[in-house]
Structures are given as structure tokens and as C-alpha cells.
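**Q** What would the 3D arrangement of this be:
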Amino acid sequence: MRKSLRKIRDPSERHGGASSLFNEFILGGQDGLVNVLGIILGMAIATSDAKLVIIAGLAAAFAESISMAAVAYTSTKAQEDFYYSEEEREVYEIKTVPSKERKEIYDIYYAKGFRRKLLNDIVKNITSNKRRWLDIMMKEELGLTKSFLHPIKTALIVGLSAIIGSLIPLFTFFFLPIKTAIVYSLIISAIALFITGIVEAKLTVGHWIKKGIQLTLIGMTAALIGFIVGKILGISI
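**A** Next up, the predicted model:
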């Protein structure tokens, strides 16, 4: 039963999946950038050695991406497993206790304000098609939809975006003297975070300027913490 149910897809699900995929990419890149920015700035201040900064930055970038990909996989897999376990339970109940499930449909639409013949027609229409019946039970009774992404796809997108985001603040240290690289790294990172905030606001809710400033401040706070730690370590060393 599960296989046959998975084959049925709604166009809105594909649209929602694309949006979720892009949102995962943005969030992964944002986290990678902020985490690595703080680390490499601390290293740059502590050591003044571009090679060490690059090594530390690359190590952090790959560790961060693998960790985030693993978390994305396990959380999405858990969401998927929960959805299908609930779906199987609803399929079983529709098959074994249809009168009870029919009454639940009746109650759902009664609560929405439908009455008499219209309410009975709605219940009859929904319960005449088991696929429709199941979808309504999942969405209206349990509040569950197939808006999640495939766990492996999610892990790959998050891991890749974390790597890309992590390389943004690190890029300048490959080509510039370390003090100049620090300045340009901060500028580029601030611009990238502000743009990320704009995109995130468009995908979700919130004013784009406020969101952009918010993410920029988060990144710069991470950089400030890295600076302080690096300064302390540099003095102690």
C-alpha cells in the first residue's frame, strides 16, 4: 500500500519541494559562512599565518558540511518515517473502521461551518474516493503533508551549500596578505549575509532590509567573538 501511495503526487507538492530545497540551500550556506568566519578570523588574529588560517578554515568547512548533512538526513528521515507510519495507520483505520473515520470527516467539516445536505454531500464525496479520503484525514485531522524532501537529497543540498558558504570568508586568504584578507573577508561575508537575508525574507516572511541586517549582525557577532578569542590566544602564545 505504501508504494502505491507514494506514486501519487500533487503539482503543489513539487512546487513546495523546490521551495524547500532552495530554503535548505540558503540555510546551509548561511550556517557554514557564519561558523567558519568566526573560526578563521580567530586564527588570523592569533597566528598571522595565512597557511594556518586556510588549513583551519578548510578543516572547519568540511567538518561543518558533513555534520550539517548528517543532521539534515536524520531529521528529514525521521519526518518521512513519521508521516508514512501515520499514513499506514490511517489506511488501516479506513479499511477496518470506516464508520468511525467517516464520522471524523463529518466532524471536521461540521467544525468548518457546513450543515445539512451540503455537509452530507461533502462527506459522501470525500469518502467515495479512498485516496481523497486518506489525504483529507492526513491534512485535516493530523496536520501532516508530504512537504518534506528526500533525506539523501536534503543531506546533499545542505552539505554542498555549507561548503560553498564556508568558502566565502576563506576565499580572500588564498590571494591577499593576511591583514588585507581579513578586511575583505569581513566585507564579502557581510554582503553575502545581507543578500542571504533578503532571499530568506522572500522565501518566508519578514521585511527584507530587517532580515538582511539581522543576518549580517549575526555574522559580524561571530567574527567579533573570533577576533576576541584570537586576540587572547595570540597574547597567551
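**Q** so what pLDDT did Gly113 get?
**A** pLDDT recorded at Gly113 is 82.
**Q** any idea how far it is from Trp133?
**A** Per C-beta to C-beta, to the nearest Å, Gly113 is found 21 Å from Trp133. (Each C-beta comes from the backbone N, C-alpha and C, glycine too.)
**Q** try Glu86
**A** From Glu86 across to Trp133, the span is 15 Å (C-beta to C-beta).
**Q** the more surrounded of those two?
**A** More crowded of Glu86 and Trp133, by other C-beta atoms under 10 Å: Trp133, with 21 against 15.
**Q** So the more buried one versus Phe25, what's the distance?
**A** With the distance defined as C-beta to C-beta, Trp133 ends up 36 Å from Phe25.
**Q** which residues in the protein form helices?
**A** For the chain, helices defined by DSSP state H occupy the ranges 2-6, 11-47, 50-96, 98-111, 116-127, 130-136, 151-170, 178-203, 208-236.
**Q** I'd like to know how many residues surround the nearest residue to Lys231 once chain neighbours are set aside.
**A** The shortest distance from Lys231 to any non-neighbouring residue, by C-beta to C-beta, 6 or more residues apart in numbering, is to Ile45 (5.4 Å). By other C-beta under 10 Å, the residues close to Ile45 number 21.
**Q** low-scoring stretches of this protein, by residue?
**A** Residues of the chain that meet the criterion pLDDT under 70 lie in 1-19, 147-148, 203-206, 230, 233-237.
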